[in-house]
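**Student:** My questions are about this predicted structure, shown below with the sequence.
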Amino acid sequence: MTAHTAAPTLDVAALRRDFPALAQEVHGHPLAYLDNAASAQTPEPVVEAITDFYRRDRSNVHRGVHELSQRATNKYEAARIQIQKFLNAASYQEIVWTRGTTEGINLVASSWGRANVEKDDEVLISGLEHHSNIVPWQMLCEETGAKLRVIPINERGELIQDEYEKLLNERTKIVAVAHVSNALGTVNPIAKMIAQAHAVGAITVIDGAQAVPHMAVDVQTLDADFYAFSGHKVFGPTGVGALYGKKALLEAMSPYQGGGDMIASVTFEKTVYNELPYKFEAGTPNIADTIALGVAVEYVQEVGLDAIAAYEAELVADATQKLSALPGIRLIGTAKEKASVVGFVVEGVHPHDVGTILDREGVAIRAGHHCAQPVMDFFEVPATNRASFAFYNTHAEVDQLVAAVKKVQEMFG
């Protein structure tokens, strides 16, 4: 692994060498990969961790006494400790492996929600949410008779905090909000919102998928009850993620799924569940990718999250300034506090056409509703173009993006 330090500035050229996918050409142009909010690229140490497992340690975890199983188990549980440190959780028992943010939210909705939410209770979400932080709560409310309430947003794409305070009341059982909006990049004032939710007795579920790749997260300082994220957003594998939950809450919850490894003992009369966190981890897990996720967050920590945040803020500011200087460009999402994302539409051109033409220029962005259709409805657009940045992107790639957008405008007159 290339040596990295958490210096105030990043050696971006050195970092890029850890991501060989970035060195390729697409349609005869250098690749400018600006689709990191959908899925970030994977560094060599993470790939090596996956291949090393399959080459040397291929075995199941927790069940075997032989050497391969012991090695696999040790690496698997070491990854859990790495996530605990990454989020500053109080205990490894507060880290539950999942398939990603979506499963983490569904776990809380199913296990905590069904046991604690009743008719006429209220679940509070925001107008910024990804579908994975909307649909599970709709399902819970339909099942229990609870009411779903929505914190409105303003024209900058920020939550209206006064309206949030008005919505909070003694019937509010759950406040589920994104730390960072995937569609707009808005950074929400999570610590304050969590404290306000707790003041009325509600628990908080934080979608951290877009936060953990871009900023340091301390769940104890935030006082979050639950915090979920996905591996593929934070330079790790797809299909794996983690849910943080306060130990007392997890202990009181019933398992999300039944099967192997989540039990202490089973008879036909009664099952005794395993201790935390294993009672929420039924079946053979995604071992290789879980191990690799631990390597991914270690990599990010070595790069330095403060340096990452500072550098990415420069990229976002550069792209914002240069795109907004073009005629016929409407920026979607101009919050004062933003991370990673620049959303825009080109007047007279459907975002899918923009995305297709940009691809021909070697620029990879996301065009669509970004699994945030209510956000699109608010801004009265069918979709947006979303350029999203990581620490390996460059100002030259910002210029490549802007030049490609100009070509779109030339083609469409």
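**Tutor:** Nice, I can see it. Numbering: from 1, shown residues only.

**Student:** contacts and neighbour counts: CA atoms only from here.
**Tutor:** Fine.

**Student:** Identify the residues contacting stretch 395-408?
**Tutor:** Here stretch 395-408 makes contact (C-alpha atoms under 8 Å, 6 or more residues apart in numbering) with Ala32, Leu315, Asp318, Ala319, Lys322, Leu323, Leu326, Val354, Ile357, Leu358, Glu361, Val363.

**Student:** Export those residues to TSV and append columns for neighbour count and secondary structure.
**Tutor:** Converted to TSV, these look like this (neighbours: other C-alpha atoms under 10 Å; DSSP: H, G, I helix; E, B strand; the rest coil):
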residue	neighbour count	secondary structure
Ala32	26	strand
Leu315	25	helix
Asp318	14	helix
Ala319	22	helix
Lys322	15	helix
Leu323	22	helix
Leu326	14	coil
Val354	22	helix
Ile357	18	helix
Leu358	23	helix
Glu361	23	coil
Val363	29	strand
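
**Student:** Am I right that Ala372 is in contact with Ser132?
**Tutor:** No - Ala372 lies out of contact with Ser132 (C-alpha atoms under 8 Å); the separation is 9.1 Å.

**Student:** Quick check: can you list the domain ranges of the protein?
**Tutor:** For the chain, automatic domain parsing gives the domain ranges 12-30+304-411, 48-302.

**Student:** Nearest approach to Ala40 belongs to which of those domains?
**Tutor:** Closest approach to Ala40 among the domains of the chain (C-alpha to C-alpha): domain 48-302, 5.2 Å.

**Student:** so how far is that closest one from its chain's centroid?
**Tutor:** Its chain's average C-alpha position is 10 Å from that of domain 48-302, according to C-alpha atoms, centre = their mean, to the nearest Å.

**Student:** Run through the residues that contact Asn116.
**Tutor:** With C-alpha under 8 Å, 6+ apart, Asn116 has these contacts: Lys173.

**Student:** List the contacts of His350.
**Tutor:** Contact partners of His350, counting by C-alpha under 8 Å, 6+ apart, are Ala383.

**Student:** Can you check what pLDDT the model gives it?
**Tutor:** pLDDT for His350: 95.

**Student:** So what does it look like in phi/psi?
**Tutor:** In terms of degrees, to the nearest 10, the main-chain angles of His350 are phi -70, psi 140.

**Student:** That one and Gly413: what is the separation?
**Tutor:** Computed as C-alpha to C-alpha, to the nearest Å, the His350 to Gly413 distance reads 14 Å.

**Student:** before we move on, what about Ala197?
**Tutor:** 50 Å.

**Student:** Of the two, which one has the most company?
**Tutor:** Ala197 (23 against 7; other C-alpha atoms under 10 Å).

**Student:** and Ile134, what pLDDT?
**Tutor:** 96.

**Student:** Give the bridge partners for the closest residue to it other than its chain neighbours, please.
**Tutor:** With C-alpha to C-alpha, 6 or more residues apart in numbering as the criterion, Ile134 has its nearest non-adjacent residue at 7.2 Å, and that residue is Ile125. Judged by DSSP bridges, the bridge partners of Ile125 are Val150.

**Student:** wait, isn't Ile125 in contact with Val175?
**Tutor:** Yes - between Ile125 and Val175 there is a contact under C-alpha under 8 Å: 5.9 Å.

**Student:** quick revisit: neighbour count: Ala372 and Ser132, which is higher?
**Tutor:** Set side by side, Ala372 and Ser132 show more neighbours around Ala372, with 22 against 17, by other C-alpha under 10 Å.

**Student:** Distance check, the more buried one against Asp121.
**Tutor:** Computed as C-alpha to C-alpha, the Ala372 to Asp121 distance reads 25 Å.

**Student:** what's the answer for Asp52, then?
**Tutor:** From Asp52 over to Asp121 the distance is 49 Å, taken as C-alpha to C-alpha.

**Student:** So which of these two has more stuff around it?
**Tutor:** Shown here are Asp52 and Asp121; by other C-alpha under 10 Å, Asp121 has more neighbours (19 against 14).

**Student:** Can you read off the pLDDT for the more buried one?
**Tutor:** Each residue has a pLDDT score; the one for Asp121 is 98.

**Student:** any idea how far Thr320 is from it?
**Tutor:** According to C-alpha to C-alpha, Asp121 stands 41 Å off from Thr320.

**Student:** Which strands and helices lie in contact with the helix or strand that Ala292 is a member of?
**Tutor:** Element membership for Ala292 (DSSP states H and E) is helix 287-303. Contacts defined by 3 or more C-alpha pairs under 8 Å, 6 or more residues apart in numbering; DSSP states H and E place helix 287-303 against helix 44-52, helix 67-87.

**Student:** What strand or helix carries Asp359?
**Tutor:** Assessed by DSSP H and E, Asp359 sits inside helix 351-360.

**Student:** How about Val212?
**Tutor:** Going by DSSP H and E, Val212 is not part of any helix or strand.

**Student:** need the contact list for the residue nearest to it when sequence neighbours are not counted.
**Tutor:** Nearest non-adjacent residue to Val212, counting by C-alpha to C-alpha, 6+ apart: Val234, 6.7 Å away. Shown in contact with Val234 (C-alpha under 8 Å, 6+ apart): Ala40, Val212, Pro213, Ala296, Val297, Val300.
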